Structure formats: structure tokens, C-alpha cells
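Asks: Next one to model:
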Amino acid sequence: MKSPFPGMDPYIEDCGLWGDFHFSLIAAIAKVLAEAAPEHYLVRIGERSYLVLVDEEDKASYPLPPDVRVLATQEDAPLTMRVFIEEEHREAFVEISEATPEQRLVTCIEFLSPSNKHAGSDGRDLYLRKRQSLLLGNANLIEIDLLRGGQRMPMLDPWPKSPYTLMVARAKKYQLCKAWPAHFRRPLPRIPVPLLKPDPDLSLDLQPIIDGIYQRSRYERSIDYTRPLSPPLGPDESAWLQQQLRAR
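Replies: Coordinates of the predicted model:
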């Protein structure tokens, strides 16, 4: 069954499906681009990882400073202590490189994760450093944000007033990026994937890829469309969704 949303389904973000969707989307896009790219390019999936300390409620935390002591009134009295666990986070991306011994990076396609959009997180700090390096370097950057929640990436100009955004920053032209608004009430737009001159851009059509993941993974069996979303939909959007569900 198809999603009731013609564009990105916001319930994927809010129903514990994001990890599966994120992995599937990256793998599917890498396959599509690898089949479309000329022979003198390589399309590969890359990964970065980092450790975060989480407490028993799975919230990111940090241990007590070394100079803090826990005292007991009796020498042999047991202490109640909180346990911290190091959780490894992995974030994948797609890279297009020249098929030469140097394998020079041509285009990097980044798919924002919740940690990238969480202010002050290790995931955001790591991504912002990589983003800055790409924008100032010799590679193209494509940034795909299919998350309604969290803090958007810093820009000099305001982002489009849309739930999602797609950005293409061409090498050495980062001052003038192209940004497309993306919605859940209409299909996502096609975006160009820059290569090296004189090769023409590839075209990336995200919507059929997303639709295919939704149907293959049978997300409709895990989503309750009657529950409220977080962030919540507006009144008009909620009425529109109810109409879509009745039509289904």
C-alpha cells in the first residue's frame, strides 16, 4: 500500500522508522546513481561514527567531573549509582569520485539525521565541520533534509518555508547554493547531481525511491495515522490528512 502522503511521509520520522528508512534511502540512491554515472566515476557509501554517553533513559549525558566525590555517612553503606553506556552512532553518506588511482571526490550527498539537527550534539558538530570543509573545498555538496524536527543548518538567507529542503552547492560556488522546498502534500522535486565538466549533471528523483522503500518495507503496518504527530500538523494539514485517509 502507498503512503497517504504524495511527498515525504512525516510519520516515518515520528514512528521509530527513521533508522531503517535512512539506511534504505542511502543504499537505494547509491544504486540509482551508480547505474546512471559514466564509467569514469565511482559511487560509494561512506560512513562516520562517534560515541555518545547515554543514561538509563537513553538520553545523551556526560559523566561527573573528576573532582566530584560521592560521600556516604557509614563506611560500608551501599551507594546508588547511575550507569553510563557508550553508544556508537553511525551516519552514512554517498560519495561520487573519479575512477582514478587518486579517487578525487567530486560530489558528496549528505542525508541529515536527527543528531545533525540537534543543537549542541556531537553529531551536529561533526557534520558542521565536514559541511564547512566541503563548501570551501573543490567538491560539490548535496544536502537532503527530510526531517521536520530539529534545527536547520546555518545559512545567510532564510530557508524556504517548507517542511523539508533539498540543497545543491556546486564546487567553488558555495556563496550561491540552490535550495528546493519539499513537502508532504506533493511529490518531492527532482534535483541535479553535479559531476565534473564537461559531463552533464545526473538527475536524482527522490520520490519514486521513497515510495518504493515505503511499499517494500510495508511501513503502513507500523504506522498509526490516527495518532498526533510531533511536531504537530497544522489544522489545514490535519484536515487534508483525514481526507487522504478516507480516500485510501
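Asks: In a helix, residue 19, correct?
Replies: Yes: judged by DSSP: H, G, I helix; E, B strand; the rest coil, residue 19 forms part of a helix.
Asks: Near it, how many residues? Count them for me, please.
Replies: By other Cβ atoms under 10 Å, the residues close to residue 19 number 11. No exception for glycine: its C-beta is placed from N, CA and C like everyone else's.
Asks: mind checking how far it is from residue 111?
Replies: Taking Cβ to Cβ, to the nearest Å as the measure, residue 19 falls 12 Å from residue 111.
Asks: wait, what's in contact with residue 155?
Replies: residue 177 (Cβ atoms under 8 Å, 6 or more residues apart in numbering).
Asks: Report the secondary structure state of it.
Replies: From three-state DSSP, the assignment for residue 155 is coil.
Asks: pretty sure residue 248 is in contact with residue 5, am I right?
Replies: No: Residue 248 is not in contact with residue 5 according to Cβ atoms under 8 Å; the separation is 10.9 Å.
Asks: Mind checking which of the two has more residues around it?
Replies: With neighbours defined as other Cβ under 10 Å, residue 248 and residue 5 compare such that residue 5 has more, 22 against 10.
Asks: how close does that one sit to residue 183?
Replies: For residue 5 relative to residue 183 (Cβ to Cβ), the value is 9 Å.
Asks: And residue 124, by the same measure?
Replies: On the measure of Cβ to Cβ, residue 124 and residue 183 end up 24 Å apart.
Asks: again, but for residue 172
Replies: 31 Å.
Asks: Counting neighbours, go ahead and name the busier of these two.
Replies: Set residue 172 next to residue 183 and count neighbours by other Cβ under 10 Å: residue 183 wins out with 17 against 12.
Asks: Which residues are in contact with the residue nearest to that one when sequence neighbours are not counted?
Replies: Excluding the flanking residues, the one nearest residue 183 by Cβ to Cβ, 6 or more residues apart in numbering is residue 7, at 4.9 Å. With contact taken as Cβ under 8 Å, 6+ apart, residue 7 is in contact with 164, 182-188, 207.
Asks: and of these, the nearest to residue 15?
Replies: residue 184 (14.1 Å; Cβ to Cβ).
Asks: Quick one: neighbours of the closest one, just the number.
Replies: Other residues close to residue 184 by other Cβ under 10 Å number 24.
Asks: Checking my notes, it in a strand, right?
Replies: No: going by three-state DSSP, the assignment for residue 184 is coil, not a strand.
Asks: Relative to residue 175, how far out is it?
Replies: The value you get for residue 184 to residue 175, if Cβ to Cβ is used, is 30 Å.
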